[in-house]
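**Student:** coordinates only, no sequence provided:
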Ligand code: S3P
């Protein structure tokens, strides 16, 4: 098992370019495969999660070529052109792959089986299986249909209006992708707006997508047209560098090419409210998504209260928010974030254990955490729990700690951010 030692840093300086957004990269393959004609994807994230999606569509007969510079060329097969996969599809660690594909495959005319690694096979699938079943989908899984492997007998679906009890882009996207094959209008409402990359990309490819206050509708049976997609950098990856530059004294870092879609930019609001010096420069748009460069300087942070609508807008960033909170003055309270319990690992338990092990004062709540900032952390040992974002958060904590931190099980960073360690080193992490 791979482990890494991260030393305290004397400052992060210069500029870095953030690799492609994981969520948008998944969707570019799924929607590009369902479109007619060629889709060319620039800035695709070549991480393990996205390769799981890529392999799945290759298994269903979609030609996907990798060209110079990692550009992908997808020869789309149309809404009804996928072929029955000859084997079980392995989604690896990727919740987005398995949940979105469950929706997409429920409306195809063939049988398929989706599975994943030991972590994914513990994560709840009922949240997508239940609404899909009301559309007429036939899906079986362990634990009464809640756990992968999932077996899907595709067939005719009918449209629904679904009131999701949770703000989850994976649930929303699974139902919308199933809705592509249903006749008429499929609607999803959610308690707070989750990331809207599926809606934006489906619309960019020509689907009739209608967002409204509290939800979104899609019309079944569109002809999607292949497009050129420019994937912006992943704000969830940028977040580690934003926090690093804030908490390591003497830092000034320009983080380039970051997607700043308002459904994802909660981390910027949170860190600014904590007193972080963060400036958005050169705001622009790429393939229907807002993009900016972000200038961040070390800052004295203060504790704040976090809850409500900002939570889904920063859902993947709470491990590293907790690191920022440990270095802040005062108490940070995170609530309404029960979803963290069912991510790649139980992130409330994992981050509480790891930060406590480095000397922080963290109390786990059922739906969040209370972090009493001490302004410093000791060195020592940490573990990723097999979760990429816990590994990278521990590395960021180490940069500002009093002594080196040895982090166990760091191979998992390849799922979302294979170049994390080299970028960290180039920016002044050691
Ligand atoms: C994702 C949605 C989020 C997020 C995950 C990626 C997506 O999950 O945590 O990393 O690409 O749709 P939920 O929708 O389950 O909150």
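**Tutor:** It's in. Computed from a predicted model, the values in this text were never measured in an experiment.
**Student:** can you give me the pLDDT of residue 31?
**Tutor:** For residue 31, the pLDDT comes out at 98.
**Student:** ok, it - contacts?
**Tutor:** Residues in contact with residue 31 (CB atoms under 8 Å, 6 or more residues apart in numbering) are 39, 198, 201, 202, 205, 224. Just so you know, the C-beta spots here come from the backbone N, C-alpha and C atoms, and that holds for glycine as well.
**Student:** kindly report the same for residue 179.
**Tutor:** Counted by CB under 8 Å, 6+ apart, residue 179 has contacts 135, 157, 159, 185, 186, 218, 220.
**Student:** could you rerun that using 10 Å?
**Tutor:** 103, 107, 135, 157-160, 162, 185-188, 202, 207, 209, 216-221 (CB atoms under 10 Å, 6 or more residues apart in numbering).
**Student:** how much space separates it from residue 129?
**Tutor:** For residue 179, the distance to residue 129 (CB to CB, to the nearest Å) stands at 16 Å.
**Student:** picking up where we left off before, from the contacts of residue 179, list the buried ones, please.
**Tutor:** Buried members of these, scored by 16 or more other CB atoms under 10 Å, are 103, 107, 135, 157, 159-160, 162, 186-188, 202, 207, 209, 216-220.
**Student:** helices - which of these land there?
**Tutor:** Judged by DSSP state H, the subset of the buried ones among the contacts of residue 179 located in helices is 103, 202.
**Student:** can you get me a residue count around residue 87?
**Tutor:** Neighbour count for residue 87, taken as other CB atoms under 10 Å: 8.
**Student:** so it makes contact with residue 114?
**Tutor:** No: between residue 87 and residue 114 there is no contact, the gap being 11.3 Å when judged by CB atoms under 10 Å.
**Student:** how many neighbours does residue 305 have?
**Tutor:** Based on other CB under 10 Å, the number of other residues close to residue 305 is 11.
**Student:** run through the bridge partners of it.
**Tutor:** Beta bridges link residue 305 to residue 333, judged by DSSP bridges.
**Student:** get me the contact residues on the stretch 301-430 of the chain for the ligand.
**Tutor:** With CB under 6 Å from any ligand atom as the criterion, the stretch 301-430 of the chain meets the ligand at residues 315, 316, 339.
**Student:** wait, doesn't the first one sit right on residue 341?
**Tutor:** Looking back up the chat, that one is residue 315. No: Residue 315 is beyond contact range of residue 341, at 11.8 Å (criterion: CB under 10 Å).
**Student:** so what sits against both of these two?
**Tutor:** residue 347.
**Student:** looking at the two, which one has more neighbours?
**Tutor:** A count of neighbours by other CB under 10 Å puts residue 315 above the other of residue 315 and residue 341, at 22 against 15.
**Student:** quick one on the thing from earlier: the buried ones among the contacts of residue 179 also near the ligand: which ones?
**Tutor:** Applying CB under 6 Å from any ligand atom to the buried ones among the contacts of residue 179, none is adjacent to the ligand.
**Student:** which of the buried ones among the contacts of residue 179 fall in strands?
**Tutor:** Among these, the members falling in strands (DSSP state E) are 162, 186, 187, 188, 209, 216, 217, 218, 219.
**Student:** from these, which single one is nearest the ligand?
**Tutor:** Proximity of those to the ligand was ranked by CB to the nearest ligand atom; the top entry is residue 188 with 11.8 Å.
**Student:** mind listing the residues bridging to the closest one?
**Tutor:** residue 162, residue 216.
**Student:** from residue 102, how far off is it?
**Tutor:** Between residue 188 and residue 102 the computed distance is 15 Å (CB to CB).
**Student:** what separates residue 146 from residue 167, distance-wise?
**Tutor:** Where residue 167 is concerned, residue 146 sits at a distance of 20 Å (CB to CB).
**Student:** quick one: which of the contacts of residue 31 has the most company?
**Tutor:** residue 198 (29 neighbours).
**Student:** so the closest residue to it other than its chain neighbours: helix, strand or coil?
**Tutor:** Spatial nearest neighbour of residue 198, excluding adjacent residues (CB to CB, 6 or more residues apart in numbering): residue 173 at 4.0 Å. Per DSSP: H, G, I helix; E, B strand; the rest coil, the secondary structure class of residue 173 is helix.
**Student:** just the pLDDT for residue 173.
**Tutor:** pLDDT, residue 173: 99.
**Student:** more neighbours, residue 146 and residue 167?
**Tutor:** Set residue 146 next to residue 167 and count neighbours by other CB under 10 Å: residue 167 wins out with 21 against 15.
**Student:** do I have it right that the more buried one meets residue 215?
**Tutor:** No: Residue 167 lies out of contact with residue 215 (CB under 10 Å); the separation is 11.1 Å.
**Student:** so what sits against both of these two?
**Tutor:** With CB under 10 Å, 6+ apart as the test, residue 167 and residue 215 both reach 190, 193.
**Student:** for the helix or strand containing residue 364, give me every contacting residue.
**Tutor:** Taking DSSP states H and E as the criterion, residue 364 maps to strand 361-365. Identification of contacts with strand 361-365 by CB under 10 Å, 6+ apart yields 322, 325-326, 331-335, 337-338, 340-341, 346, 348-356, 369-374.
**Student:** at 6 Å instead, please
**Tutor:** Outside strand 361-365, the residues within contact range by CB atoms under 6 Å, 6 or more residues apart in numbering are 348, 352, 355, 356, 369, 370, 371, 372.
**Student:** restricted to buried residues, select those in PyMOL.
**Tutor:** In PyMOL, this line selects whichever of the contacts of strand 361-365 come out buried by 16+ other CB under 10 Å:
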select buried, resi 348+352+355+369+370+371+372
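**Student:** mind checking which of the contacts of strand 361-365 are in strands?
**Tutor:** Counted as lying in strands by DSSP E, out of those, are 369, 370, 371, 372.
**Student:** ok, the second one touching residue 332?
**Tutor:** Okay, so that is residue 370. No: if you go by CB atoms under 6 Å, residue 370 and residue 332 don't touch, sitting 7.4 Å apart.
**Student:** quick one: low-confidence parts of the stretch 1-150 of the chain?
**Tutor:** Nowhere does the stretch 1-150 of the chain drop to pLDDT under 70.
**Student:** 90 instead?
**Tutor:** 1 (pLDDT under 90).
**Student:** which one is residue 90 nearest to, not counting chain neighbours?
**Tutor:** Closest to residue 90 by CB to CB, 6+ apart is residue 115, at 5.9 Å.
**Student:** show me what contacts residue 349?
**Tutor:** Neighbours of residue 349 in contact, by CB under 6 Å, 6+ apart: none.
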